[in-house]
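> Return a 3D structure for these sequence lines:
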Amino acid sequence: GRRHVEELSELPEGMEGAILFLVQSPGVEAFLPEFHTDPLFAQALCRARERLKIIPLSIGWREDLTLSGEIKALPIPWEKVELADRGAYMLILELPEERTVTVGGLGEIPFRKGYYLYVGSARKNLSKRMERHKRKRKRLRWHIDYLREASRFHACLPVRTGEDMECLLAEALRGMAREVPGFGSSDCQCPSHLFHFEEDPLKTPSFHTMLQHFRMDRLLEAPPSQGKGHTL
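Now for the predicted structure:
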């Protein structure tokens, strides 16, 4: 996708390019590139918007696969796109069996079988921070490094933003899973930044609703004085 955007934006003089995005849901109110998971595509689209027509349309379908309702042109709030490599992340590890792990100054901690989700952040070089968590061979520096050494990497989900979201993410997860007390929260007032799920959180609808809120929905929420916010 990034290559196609770049090629279209380099068309010879006298030729005009356009990109049409069909958003197949009539309830959508705005369009943004998914800069959290594909920042390079988002950067390319932002660079090309002065040279290309970018046309996102919201459409709906009937059961017989004919178009239903109004075809709506969607606004693009470019100012909401976060292009800097910074923000928060959620690292998900899998522990295939119960195990006691020595975690730095916390000492020995018994861990149940299941999935562990750790919330962290990076004010710069977010991509490198997430890549570091994928590796087992490294100097053990943070609490999560000790658990990572004993477990399997499952996923790492970024929330790219200039705002401080780490503790807000931890608060949102608090009602969804069991906390591991004092883990990864020595620099804040949170009880913990590590949460245990018996099942894979990526298969849990409530987890995806929470992730969608922090990645997209909150970007179009109006301040309290302006009434109810909008969602993507």
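> contacts, neighbours, all on C-alpha from now
OK.
> What separation do you get for the closest residue in space to Leu194 that isn't next to it in sequence and Leu93?
Leaving aside its sequence neighbours, Leu194 sits nearest to Tyr118 (CA to CA, 6 or more residues apart in numbering; 4.5 Å). Separation of Tyr118 from Leu93 (CA to CA, to the nearest Å) stands at 8 Å.
> Show me how far the lowest-mean-pLDDT helix or strand in the chain is from its chain's centre.
In the chain, the helix or strand scored least confidently by mean pLDDT, DSSP states H and E is strand 67-73, which has a mean of 88. Distance of strand 67-73 from its chain centroid, counting by CA atoms, centre = their mean, to the nearest Å, is 29 Å.
> what's the residue nearest to Pro75 when sequence neighbours are not counted sitting at in phi/psi?
Excluding its sequence neighbours, the residue lying closest to Pro75 (CA to CA, 6+ apart) is Ala30, at 5.1 Å. Main-chain dihedrals, Ala30, degrees, to the nearest 10: phi -160, psi 170.
> Make sure Ala30 is actually in contact with Lys80.
No - using CA atoms under 8 Å, Ala30 is not in contact with Lys80; the gap is 11.2 Å.
> quick one: which of these two has more around it?
Comparing Ala30 with Lys80 by other CA atoms under 10 Å, the one with more neighbours is Ala30, at 18 against 12.
> separation between the more buried one and Thr66?
For Ala30 relative to Thr66 (CA to CA), the value is 23 Å.
> which residues of the chain fall in helices?
Taking DSSP state H as the test, the helices found in the chain are 2-8, 39-48, 126-134, 143-150, 166-173, 205-215.
> Would you convert these into CSV that also reports mean neighbour count and mean pLDDT?
Output for these, formatted as CSV (neighbours: other CA atoms under 10 Å; pLDDT from 0 to 100):
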stretch, mean neighbour count, mean pLDDT
helix 2-8, 14, 93
helix 39-48, 18, 95
helix 126-134, 16, 95
helix 143-150, 20, 94
helix 166-173, 18, 96
helix 205-215, 15, 95
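> Show me where the chain has its strands.
Remark: strands assigned in the chain by DSSP state E are 17-23, 52-61, 67-73, 87-95, 99-103, 107-111, 114-122, 152-160, 178-179, 194-197.
> ok, of these, where does mean pLDDT dip lowest?
Here those differ in mean pLDDT, and the lowest is strand 67-73 at a mean of 88.
> Buried residues in it, which are they?
Buried residues in strand 67-73, counted by 16 or more other CA atoms under 10 Å: 72-73.
> Show residues contacting it.
Here strand 67-73 makes contact (CA atoms under 8 Å, 6 or more residues apart in numbering) with 26, 55-62.
> Out of those residues, which two sit at the greatest distance?
Using CA to CA, the contacts of strand 67-73 span at most 22.8 Å, a distance reached by Ile55 and Arg62.
> Looking at the two, which has the bigger crowd around it?
Using other CA under 10 Å, the more surrounded residue of Ile55 and Arg62 is Ile55, with 15 against 9.
> how about the nearest residue to the more buried one, chain neighbours excluded?
Per CA to CA, 6+ apart, closest to Ile55 is Leu20, 4.8 Å.
> Contacts only, for the one you found.
Here Leu20 is in contact with 54-57 (CA under 8 Å, 6+ apart).
> Quick check: of those, which lies closest to His213?
Nearest to His213 among the contacts of Leu20 is Pro56, at 21.1 Å by CA to CA.
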